[in-house]
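Chemist: just the structure for this:
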Amino acid sequence: MANKRKSILDEASRAILAALQGNARLSVAELAAEVGLSNTPCWRRQKDLEETGVIRRYVALIDRSAIGLNVCLFAHVTLARHEEGVVAQFERAIRELPEVLECYELTGGADYLIKIVVPEISAYHEFLHNVLLRMPGVATFNTSVALREVKYEVALPLGNLAQE
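Modeler: The predicted structure follows:
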């Protein structure tokens, strides 16, 4: 769910976010020391960032190839119709597929870009034919296979945010 309000963060809040993006397992004392605050104000700011939805959740980043998810693909999907029910049904179905890591609605030639990971290309073949092409509303599908990962970053750039 997109946050429509403009996010204005002060220097301390940006420092907390930067530190947590680097290591979300920091204790309050470690976080406070890193950002130059005492424990209680740091804890309050972190809780406020969580409660306002700036911090959505904490996760562990797993090396996909270390667990056998060796193939990464990007698929451009075009829907046959754009009625509300078709779009909602497609998006609901995409959210339920564990192989789909990301899905973006696009402008331009395709309606959606989805990022898919699977153990091997034969698993994608099965996924494509047994799942994706059977989804209602899908008209065309164009897949690109990632040959190698040049950059993978999940930390958001905080340096250019509006300041209080």
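Chemist: right, and Val28 touches Asn39 too?
Modeler: Yes. Counting by C-beta atoms under 8 Å, Asn39 is a contact partner of Val28 at 5.4 Å. Where C-beta positions appear, they are placed from N, C-alpha and C, glycine not excepted.
Chemist: helices of this structure, start to end?
Modeler: 11-22, 28-35, 39-51, 84-95, 121-130 (DSSP state H).
Chemist: which of these comes out lowest on mean pLDDT?
Modeler: Least confident of the helices of the chain, judged by mean pLDDT, is helix 84-95 with a mean of 92.
Chemist: name the helices or strands packed onto that helix?
Modeler: On a contact count with 3 or more C-beta pairs under 8 Å, 6 or more residues apart in numbering; DSSP states H and E, helix 84-95 meets strand 71-79, strand 100-105, strand 112-118.
Chemist: okay if I get those as a markdown table plus mean neighbour count, mean pLDDT and distance to Asn130?
Modeler: As requested, these are exported to a markdown table (neighbours: other C-beta atoms under 10 Å; pLDDT from 0 to 100; distance: least, C-beta to C-beta, whole Å):
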| stretch | mean neighbour count | mean pLDDT | distance to Asn130 |
| --- | --- | --- | --- |
| strand 71-79 | 18 | 97 | 15 |
| strand 100-105 | 13 | 98 | 14 |
| strand 112-118 | 19 | 98 | 12 |
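Chemist: quick one: which of the ones you listed is nearest Ser144?
Modeler: Across the helices and strands packed on helix 84-95, Ser144 has its closest neighbour in strand 71-79 (4.9 Å, C-beta to C-beta).
Chemist: now for the closest one, which elements pack on it?
Modeler: The contact analysis (3+ C-beta pairs under 8 Å, 6+ apart) places strand 71-79 against helix 84-95, strand 112-118, helix 121-130, strand 138-145.
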